[in-house]
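S.K.: Here's a sequence, model it:
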Amino acid sequence: MIPVHARHGNPELELMLCCARTVLADDVAARRDALLKHELDWARFRHLVSVHRVTPLIQRNLSGAPPGLVPPDVARQLRDDYAEIVRNNLFLAAGLLRILGLFAASGIEAIPYKGPVLAESLYGSLLLRQFGDLDVLVRRREIHRAKELLLRNGFRVEWPEQPLTPAQEQAHIEGKYNYKMVRGDGKLPLELHWGVSPKYVSFPPDPYWLWRNLTDLRIAGHPVCSFTWERWLLVLCVHGANHCWNRLGWLCDVAELLRRFPDLDWKRVDQRARQFGIRRILDLGLLLAHDLLDAPVPADLHARAIGDQTARSLADEVVHRCANTRRYVPAVMEVPRFHLRARERLRDRRLYCRAAVEPSVHDYGVFSLPGPLSFLYYLLRPFRLFREYSLNPLWCGFKRRLGKQRV
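M.R.: Coordinates of the predicted model:
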């Protein structure tokens, strides 16, 4: 494990890393107990756990610590938080099965993505992985039919927020990968996917690659179709890198996959990563899972990741962000810089830059232009991005400093 405490003076973070796993080895349990004897900032610890969405694992592994090491009020708060997560997970899992049944009755093949399927398959229980919404993947050619079916059954689209013209909707489908929807009562949030990453990530290049060689998994005893675990590993590493690995819970998915399925077809995994230009993304995910969460990684792949100076630098950035209890708000160009450095091929970096200048639904919402003037979105997009990622953060920072001075 990376000596986080030594590098950051952060025993709260190291305690979270020790407990963010389904099984604690003897040495990790001993380190947990030693950390619990420190004078910990428990408010900071609980906030870290909340930010990184790992409450179920933390509650389980702290409840197994020797008596008297966890303050009673902290133990009670974690139990209360966990009880709420249990209720939410069971509610969402039941909702997912109803949605899958709805699609099946209409002849729409759907793959449950993340959420309950990973909880049961990787963590061994619906109750050990924290998730706040549902994700369902359908084929791109079925997306309109799937969305209309959900709309007829009480769902509404939350994002994109504004109505789109047919041309804008087609551009959204080609450039993005999901609709954010919610049931009319607001209690069942759903992301309807036709892909697993935006256009600028270009993974996978063939949108139907994920639909080949599907396997069967179970949710609450019900069979569902899913990816092979080799494909899941690539999907999870791409998803984490797309979000700059700013949540430990996503890294736990990778670590638990590696622990539960150590005998993956690594040759095929590496071949696909090289073919899709995501070797560094794969290496980064494996490096973080191994060094932060002690996940088993083949020695040759770990050595390759260690030998990639850029991958090591990106991993250091992630570790530094993990220690921050504030909600991650990226600086100007921080996310694009991370994404570009995570790609090893020049052509993928070029594609990223080209896709980054294409208008999105955010631009359609800020500037309402008639069809004949739609080409102006390309000119207005840089101004919208400058305002959103430069002026707005500066203004918020100024207001925070002004508020502190007044106090």
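S.K.: Please tell me I have it right and Val117 contacts Pro223.
M.R.: No - shown here, Val117 and Pro223 do not form a contact pair, counting by Cβ atoms under 8 Å, at 11.2 Å. (C-beta placed from N, C-alpha, C; glycine too.)
S.K.: For those two, work out which one has more neighbours and name it.
M.R.: With neighbours defined as other Cβ atoms under 10 Å, Val117 and Pro223 compare such that Val117 has more, 24 against 9.
S.K.: joint contacts of Val117 and Pro223?
M.R.: The contact sets of Val117 and Pro223 overlap at Leu217 (Cβ atoms under 8 Å, 6 or more residues apart in numbering).
S.K.: what about Lys176, neighbour count?
M.R.: By the measure other Cβ under 10 Å, the count of residues near Lys176 is 18.
S.K.: got it, and the one 4 residues further on?
M.R.: For Lys180, the count of nearby residues is 14 (other Cβ under 10 Å).
S.K.: Need the pLDDT of the residue lying closest to Tyr352 once chain neighbours are set aside.
M.R.: In this structure, Tyr352 finds its nearest non-sequential neighbour in Tyr200, 4.5 Å apart by Cβ to Cβ, 6 or more residues apart in numbering. What the model reports as pLDDT for Tyr200 is 87.
S.K.: I'd like the distance between Tyr200 and Arg347.
M.R.: 13 Å (Cβ to Cβ, to the nearest Å).
S.K.: So which of those two has more stuff around it?
M.R.: Neighbours were tallied for Tyr200 and for Arg347 using other Cβ under 10 Å; the higher tally belongs to Tyr200 (22 against 10).
S.K.: rewinding a little: doesn't the residue nearest to Tyr352 belong to a helix?
M.R.: Yes - under DSSP: H, G, I helix; E, B strand; the rest coil, Tyr200 sits within a helix.
S.K.: Now do the contacts for Met16.
M.R.: Each residue near Met16 by Cβ under 8 Å, 6+ apart is listed here: Phe45, Leu48, Val49, His52, Val54, Ile58, Leu248.
S.K.: Just the element for it, please.
M.R.: helix 11-19 (DSSP states H and E).
S.K.: I'd like the distance from that helix to the chain centre, please.
M.R.: Mean-position distance between helix 11-19 and its chain equals 20 Å (Cα atoms, centre = their mean, to the nearest Å).
S.K.: Stretch 231-240 too?
M.R.: 9 Å.
S.K.: mean confidence score for that stretch?
M.R.: pLDDT averaged over stretch 231-240 gives 98.
S.K.: show me where pLDDT drops low in the protein?
M.R.: Scanning the chain for pLDDT under 70 picks out 1-8, 325-332, 360-407.
S.K.: quick one, strands of it?
M.R.: All strands of the chain, identified by DSSP state E, fall at 110-112, 134-138, 155-159, 178-183, 189-193, 215-219, 222-226.
S.K.: okay, the ones you listed in CSV with distance to Ala146 next?
M.R.: Formatted as CSV, the strands of the chain follow (distance: least, Cβ to Cβ, whole Å):
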stretch, distance to Ala146
strand 110-112, 7
strand 134-138, 5
strand 155-159, 10
strand 178-183, 9
strand 189-193, 6
strand 215-219, 19
strand 222-226, 15
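S.K.: now for those, which one comes closest to Phe103?
M.R.: strand 110-112 (4.4 Å; Cβ to Cβ).
S.K.: My read is that Val318 contacts Cys244, right?
M.R.: Yes - the pair Val318 and Cys244 qualifies as a contact (Cβ under 8 Å) at a distance of 7.2 Å.
S.K.: tally of neighbours for Glu109?
M.R.: Glu109 has 15 nearby residues by other Cβ under 10 Å.
S.K.: max-length helix in the chain?
M.R.: helix 72-105 (DSSP state H).
S.K.: what angle separates that helix from strand 155-159?
M.R.: If you take axes from the mean of the first three to the mean of the last three Cα atoms, to 10 degrees, helix 72-105 sits at 120 degrees to strand 155-159.
S.K.: Return the list of helices and strands in contact with helix 72-105.
M.R.: helix 42-51, helix 55-63, strand 110-112, helix 115-122, strand 134-138, helix 143-152, strand 215-219, strand 222-226 (3 or more Cβ pairs under 8 Å, 6 or more residues apart in numbering; DSSP states H and E).
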